[in-house]
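Q: next one to model:
(2 chains)
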Amino acid sequence: MSDDTLVIAGRELTSRLVMGTGGAPSLDVLEEALIASGTQLTTVALRRLNPNQQGSVLDVLRKHGIAVLPNTAGCFTAGEAVLTARLAREALQTDLIKLEVVADDHTLLPDPVELLDAAERLVADGFQVLAYTNDDPILARRLAQAGCAAVMPLGSPIGSGLGIRNPHNISMIVEELDVPVVLDAGIGTASDAALAMELGCDAVLLATAVTRAEHPALMAAAMRDAVVAGRNARLAGRIPKRYHAANPSSPLEGRAAL
Amino acid sequence: MTELTSDVVVIGAGLIGLATAWRLAAAGIQVTVCDPTPGTQTSNVAAGMLAPVTEVEYGEDDLLALNLASVAAWPAFAAELQDATGLSAGLHQTGTLSVAYDVDDAAALRRLADYQRRLGLEVEELSGRDARKREPLLAAGVSGGVWVPGDHSVDNRQAVAALLRAVDLSGALLIRQRVSHVITSGTTAVGVQLDNGDTVHAAHVVAAAGPWSSQLEGIPQELRAPVRPIKGEVLRLRVPEAYRPALRHTVRATARGFSVYLVPRPGGELVVGATTSELGYDTRVLAGGVFSLLRDARTVLPLMDELELVETIAGLRPATPDNAPILGPSGLDGLLWATGHYRNGVLLTPITAQIIAETVRTGVVPELGKPFLGSRFGTPKVNVGVNR
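A: Below is the predicted model of the structure:
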């Protein structure tokens, strides 16, 4: 599947695994994990980082040619998110923004009203908006209609590792939207990432599942392989499920009668 | 312009620089320490936890060994410092109680305890009820705990004061000037120049400039220490007499997924920390930092409401790419690193001073220090688990 390139906001990606950097115990561990993941795009929280500081995670990304996707983590209102996005654009010279507007710092669930407001304002301001959203198909549709470059529904809350709680909603979002759909948040282990791709998501974004694993680089490699496996399974066309009778894969004719 | 000479010049008079200078001077070596404001930066802000067990991270085995060696070295170091100065070194051997608030926090704490046990560290898992028997003022919602008898704390400000006195009494010279650059001759560091133009020539230059170590001028770019500042905000509170001691042990808590620690001092002070952000050389205290520390501390200790908030302060941890310090030869002859202690500066003070003093005296880095040479950085990263 070498020509299976994903295009988000005009950028071509051959890796469908987008990484986050939160939760890594050290820069070295993060670097090893990013390399093992094969990612070409990684999101970084601008509020917790000075882009001019030498030796930061941004230097690690530059060193390995990984594109930076600034995000608005920590913003609770559309106003804050728009300001943070503009600071990120100025500091990093990119029009890409992962838009995160959360309702509180306990659940970290997106605030749908503020999110849509911010998305509309950022699109109007020329940003390529990748919107982190609830797994609500109608909200996802509204974000796509607002001009977002990608819509990124959660599988479950950030950092929860609970996997994809409503696969049916994710399928509905995938079927309806014409823009890329990236499963963002909730991934706990490799099978969750594979499921996201089997459901038809165009990519997976994850951080904690790797950075807080006992062996982050090994988990990153597992995620990389899971995303490829899930993508291939999706493209291969799975067999329908048969709930009431088995359908043997070997012919029954000509077998010895014992 | 004055030209001084010394056997050793130490750049930086934080805990690491002061302790190293003291050990060297005690061995009869002539030492000069340079720092515009001794003991006022990271060493003044730190909470002073000696926490090799409760702060252990996956895959940091060499650092754990160094941390354990240093926590073991602290009692003798403190006693000697007290004998030399008549001042308390601030060592407070209380043990540490880690507690979890909700069930998810408890699961995270159990996972860590399992790892600590696999490493052979002494930990005892407790029910929420038993945790509260050790610390009765903890919130009723505390759902579980882990008792760690080997993790203690040091009042870092007392330690700084004692070391300043010890350095003075030892005959070492403390110059209150910033080092403008390291003076080199060919590929050898031969001393330092100060902001006022004075110079100190020395056979050994020890760079203990904490988060500023990467900024030292005069060192070739490729040999500079990969140290970056990581800001931490810390609160100091006073427990009213009637409620003392609010806590008897260091308490670390995970409260709804957020980490916080509370370190009691014998005099009624309670130190609460710490936030983490990479904002460069920025020591502003942000409202959000203070808010989150108070929120999380109050979740596990409701009595927080009654404490006097005495100080909010921010400092810079000297972080390295692998969280471990950079000790010993730098690649530039004559220049030794004693830097990059990140979260463990107070903890690693005795062992760092010992390792650097021995390296200066013998020319050989002791075994314990060998994993921490600066030369470990810059090697190509190995790919893991790639399809073959």
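Q: show me what counts as buried in the host helix or strand of residue B:24.
A: Using DSSP states H and E, residue B:24 sits within helix B:15-26. The neighbour-count check on helix B:15-26 (16 or more other Cβ atoms under 10 Å in any protein chain shown) flags B:15, B:16, B:17, B:18, B:19, B:20, B:21, B:22, B:23, B:24, B:25, B:26 as buried. For the C-beta atoms, the positions are set from N, CA and C on the backbone; glycine is no exception.
Q: after it, which helix or strand is next?
A: strand B:31-34.
Q: and that following strand, what does it pack against?
A: If you count contacts as 3 or more Cβ pairs under 8 Å, 6 or more residues apart in numbering or on different chains; DSSP states H and E, strand B:31-34 packs onto strand B:3-11, helix B:15-26, strand B:173-175, strand B:199-207.
Q: now the ones you listed in JSON lines, with distance to chain A and mean pLDDT?
A: As requested, these are exported to JSON lines (distance: least, Cβ to the nearest Cβ, whole Å; pLDDT from 0 to 100):
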{"stretch": "strand B:3-11", "distance to chain A": "19", "mean pLDDT": "96"}
{"stretch": "helix B:15-26", "distance to chain A": "20", "mean pLDDT": "97"}
{"stretch": "strand B:173-175", "distance to chain A": "28", "mean pLDDT": "97"}
{"stretch": "strand B:199-207", "distance to chain A": "16", "mean pLDDT": "97"}
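Q: near chain A, which residues of the stretch 201-350 of chain B are found?
A: Contact residues, the stretch 201-350 of chain B versus chain A (Cβ under 8 Å from any Cβ of the partner chain): B:214, B:226-229, B:256-257, B:277-280, B:282, B:319, B:321-323.
Q: ok now the helix ranked longest in chain A, how far from the chain's centre?
A: Longest helix in chain A, counting residues (DSSP state H): helix A:216-236. How far helix A:216-236 lies from its chain's middle: 13 Å, per Cα atoms, centre = their mean, to the nearest Å.
Q: before we move on, what about stretch B:11-26?
A: 14 Å.
Q: tell me which element residue 140 is part of?
A: As the question left the chain open, I've gone with chain A. helix A:137-145.
Q: and stretch A:229-239, anywhere near chain B?
A: No - residues of stretch A:229-239 contacting chain B under Cβ under 8 Å from any Cβ: none, with a closest distance of 11.3 Å.
Q: circling back: quick check: mean pLDDT of the helix or strand following the helix holding residue A:140?
A: Once the chain leaves helix A:137-145, the next helix or strand it forms, by DSSP H and E, is strand A:150-153. Confidence for strand A:150-153, expressed as mean pLDDT, is 98.
Q: likewise for stretch A:229-245?
A: 91.
Q: so for it, what gets flagged as buried?
A: The neighbour-count check on stretch A:229-245 (16+ other Cβ under 10 Å) flags A:229, A:230, A:231, A:234 as buried.
Q: after the helix or strand harbouring residue A:28, which helix or strand is next? Please name it.
A: For residue A:28, the host element (DSSP H and E) is helix A:27-37. Downstream of helix A:27-37, the first helix or strand assigned by DSSP H and E is strand A:41-45.
Q: okay, now the sheet partners of that following strand, with direction.
A: strand A:17-20 (parallel), strand A:67-71 (parallel) (DSSP bridges).
Q: show me where the stretch 201-350 of chain B has helices.
A: B:287-300, B:349-362 (DSSP state H, counting those that start in this stretch).
Q: which strands or helices does the first one pack on?
A: What that stands for is helix B:287-300. Counting by 3+ Cβ pairs under 8 Å, 6+ apart, helix B:287-300 packs on strand B:228-238, strand B:250-255, strand B:258-264, strand B:269-273.
Q: over to the last one?
A: Counting contacts by 3+ Cβ pairs under 8 Å, 6+ apart, helix B:349-362 is packed against helix B:15-26, helix B:61-85, strand B:199-207, strand B:326-329, strand B:335-339.
Q: which other residues reach the longest one?
A: To tie it back to what came earlier, the one meant is helix B:61-85. B:19, B:22, B:50, B:52, B:56, B:87-91, B:93, B:119, B:150-152, B:154, B:159, B:162-163, B:165-166, B:169-170, B:322-325, B:344, B:347-354, B:368-369, B:371-372 (Cβ atoms under 8 Å, 6 or more residues apart in numbering or on different chains).
Q: now those residues: which count as buried?
A: Buried among those by 16+ other Cβ under 10 Å: B:19, B:22, B:50, B:52, B:56, B:87-91, B:150-152, B:154, B:159, B:162-163, B:165-166, B:170, B:322-325, B:344, B:347-354, B:368-369, B:371-372.
Q: ok, residue A:135 to chain B distance?
A: 21 Å (Cβ to the nearest Cβ, to the nearest Å).
Q: now that residue. Its backbone dihedrals?
A: Dihedral pair for residue A:135: phi -90, psi 40, per degrees, to the nearest 10.
Q: grab the nearest non-local neighbour of residue 37.
A: No chain in the question, so chain A it is. Ranked by Cβ to Cβ, 6 or more residues apart in numbering or on different chains and with sequence neighbours excluded, the top spatial neighbour of residue A:37 is residue A:220, at 3.9 Å.
Q: try again with chain B
A: residue B:176 is the one closest to residue B:37 (Cβ to Cβ, 6+ apart), at 7.4 Å.
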